[in-house]
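Trainee: Fold the following and give me the result.
(one chain, ligands or ions: 2)
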Amino acid sequence: MLRVDQAGEFGATRIYAGQLAVMGGRHRAARDIARMASQEERHRARFDALMTERRVRPTLLAPVWNVAGFALGAATALIGPEAAMACTAAIETEIDRHYGAQLDRLGDADPELGDMITEFRAEEVEHRETALAAGAERVPAYPLLSAATRLGCRMAIGLSERI
Ligand SMILES: [Fe+2]
Ligand SMILES: [Fe+2]
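Mentor: Ligands and ions are numbered 1, 2, ... in the order given. Alright, predicted model coming up:
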């Protein structure tokens, strides 16, 4: 669980880094993105610390998520701020599901991890709301873009759990 969660938070920081690299500070959306990015940074750092403490090795796919995350962020931002937000809305929908499923599996087995997931999940849901409020659904072909991003996200989760 820790391995995949740290991979996801790392990927999230890379997506937002790609978006901010393209958008700079010009767009109003950039302020929202910078705020969400700093929360992802905090999530990743806390999973990093717990992994070190528990001697969990990180996913071997980190170099892939490094590049793929940045590319996804940059590509969506190149389409426009609403596409960037559509990407966030899609991913956070999957992450909400993913963290929810983990919490169901955990029960009270690991309160330290469970509390972290609960806290981060609430912030991911806020990110989704922020993205929707910023016009994610106004992007042309939103259902297609959203479905493709969610599929990619589920595949990344599945791979990071195994490798
Ligand atoms: Fe996060
Ligand atoms: Fe997030």
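
Trainee: so, in contact with ligand 1 or not, the helix or strand Met85 falls within?
Mentor: Per DSSP states H and E, Met85 falls inside helix 81-106. No. Judged by C-beta under 5 Å from the ion, helix 81-106 makes no contact with ligand 1; its nearest approach is 6.9 Å. For glycine as for every other residue, the C-beta is placed from the backbone atoms N, C-alpha and C.

Trainee: average model confidence for that helix?
Mentor: The average pLDDT within helix 81-106 is 96.

Trainee: ok, now stretch 43-51?
Mentor: Mean per-residue pLDDT for stretch 43-51: 97.

Trainee: Would you mark the buried spots in that stretch?
Mentor: Along stretch 43-51, these residues count as buried under the neighbour rule (16 or more other C-beta atoms under 10 Å): 43-44, 46-47, 50-51.

Trainee: just the residues you listed now: which is nearest ligand 1?
Mentor: His43 (3.7 Å; C-beta to the ion).

Trainee: returning to what we had before: helices or strands up against the helix holding Met85?
Mentor: With contacts defined as 3 or more C-beta pairs under 8 Å, 6 or more residues apart in numbering; DSSP states H and E, helix 81-106 has these neighbours: helix 2-23, helix 28-54, helix 62-79, helix 111-133, helix 142-162.

Trainee: quick one, which of those is nearest to Ala90?
Mentor: helix 142-162 (3.8 Å; C-beta to C-beta).

Trainee: Let me know the angle separating that closest one from helix 62-79.
Mentor: Going by axes from the mean of the first three to the mean of the last three C-alpha atoms, to 10 degrees, helix 142-162 is angled at 170 degrees with respect to helix 62-79.

Trainee: Specify the angle between the helix holding Met85 and helix 111-133 in degrees.
Mentor: Interaxial angle, helix 81-106 versus helix 111-133 (the same axes, to 10 degrees): 150 degrees.

Trainee: now helix 81-106 and helix 28-54, what's the angle there?
Mentor: 30 degrees.

Trainee: just to revisit the earlier point, between which two of the buried residues of stretch 43-51 is the distance greatest?
Mentor: His43 and Met51 (12.5 Å).

Trainee: still on that earlier bit, ok, of the buried residues of stretch 43-51, which one's closest to Ala134?
Mentor: Distances from Ala134 to those, taken by C-beta to C-beta, are shortest for His43, at 20.5 Å.
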